[in-house]
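# Please find the sequence and the predicted model below.
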Amino acid sequence: GPIPELDGKWASCIRVLDTSNGITLHRLELQENQAALSLCTCTFPAHSTEVFVAVGVTTGLLLHPRSASGSNFVHIYRFVEGGRLSLVHATQVEAVPLCVSAFQGRLLVGMGRVLRLYDLGMKQLLRKCESSPLPVAVARLATCGDRIFAGDVAESVLFMRYKKQGNHLCIFAEDDVPRFISNLCALDYDTVAASDKFGNF
């Protein structure tokens, strides 16, 4: 944790583990007061032989009431020799990136009420598509085929689809019961398992 322990002060690290023996291959400490909130591995068609790590980062985060007084970024790292991580670039985004997910060779980022699709550029992520504003805030993401399951922080699960022809994300089904989604997992093309902050599954 940060020293001294103060509201809005954070310390985060990314750890690469060898799962066969539990040995840490690399431990990367983020800069002062950066909170790593989301992480996923992803690939991009232009770099099909490489696996990248995307990390959603914010600074000056307060949990109650939820706010971030600093900047928000999506960091992209590549694996280098020995399982180490090397920063490719950091892309600034408008809201706290609470969730990131690989999707059809691109990166899906949930930031505030918006879901955005990015591709990998030379100096930063390139914006390709964006959803219309969702009810409260995207808290969790899961994907299956061309479907996206977005867990809203207060309005349950929304089923979305990416339409290549019009290059847009559209909602085609949603739960009519508001739920405070805390976790989400895609079971198949039509089914998700979700839990809320009150312990319901």
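Nice, thanks for sending it over. Note that the coordinates shown come from a computational prediction; the quantities given were computed from them, not determined experimentally.
# who touches the lowest-mean-pLDDT helix or strand in the chain?
Within the chain, judged by mean pLDDT, DSSP states H and E, the helix or strand with the poorest mean is strand 66-68; its value is a mean of 74. The contact list for strand 66-68 (Cβ atoms under 8 Å, 6 or more residues apart in numbering) reads Thr58, Thr59, Gly60, Leu61, Leu62, Val96. Heads up, the C-betas are built off the backbone N, CA and C, glycines and all.
# Show me what the next helix or strand after it is packed up against.
As assigned by DSSP states H and E, the chain's next helix or strand after strand 66-68 is strand 72-80. Judged by 3 or more Cβ pairs under 8 Å, 6 or more residues apart in numbering; DSSP states H and E, strand 72-80 is in contact with strand 47-59, strand 84-93, strand 97-103, strand 106-111.
# So what angle separates the directions of the last one and strand 47-59?
Note on geometry: by axes from the mean of the first three to the mean of the last three Cα atoms, to 10 degrees, strand 106-111 and strand 47-59 are set 10 degrees apart in direction.
# by contact count, what packs against strand 106-111?
Using 3+ Cβ pairs under 8 Å, 6+ apart: strand 106-111 touches strand 34-44, strand 47-59, strand 72-80, strand 97-103, strand 114-120, strand 138-144.
# isn't Val157 right up against Val192?
Yes - if you go by Cβ atoms under 8 Å, Val157 and Val192 touch, sitting 5.9 Å apart.
# what residues do those two have in common as contacts?
Contact with both Val157 and Val192 is made by residues Phe149, Leu184, according to Cβ under 8 Å, 6+ apart.
# Report the strands that pair with the least confident helix or strand of the chain, each with its relative direction.
Looking at strand 66-68 with DSSP bridges, its partner strands are strand 61-63 (antiparallel).
# Contacts made by the partner strand with the rest, please.
Residues from elsewhere that reach strand 61-63 (Cβ under 8 Å, 6+ apart): Asp7, Gly8, Trp10, Ala35, Leu37, Ser67, Ala68, Ser69, Gly70, Val96.
# Around the third one, count how many other residues there are.
Using other Cβ atoms under 10 Å, Trp10 is surrounded by 20 other residues.
# returning to what we had before: could you identify which of the helices and strands packed on strand 72-80 is most buried?
A comparison of the helices and strands packed on strand 72-80 by mean neighbour count, using mean count of other Cβ atoms under 10 Å, puts strand 106-111 on top with a mean of 26.
# just how off-centre is that one within its chain?
Relative to the mean C-alpha coordinate of its chain, strand 106-111 is positioned 6 Å out (Cα atoms, centre = their mean, to the nearest Å).
# ditto for stretch 144-153
12 Å.
# got the buried residues for the least confident helix or strand of the chain?
By neighbour count on 16 or more other Cβ atoms under 10 Å, the buried set for strand 66-68 is Ala68.
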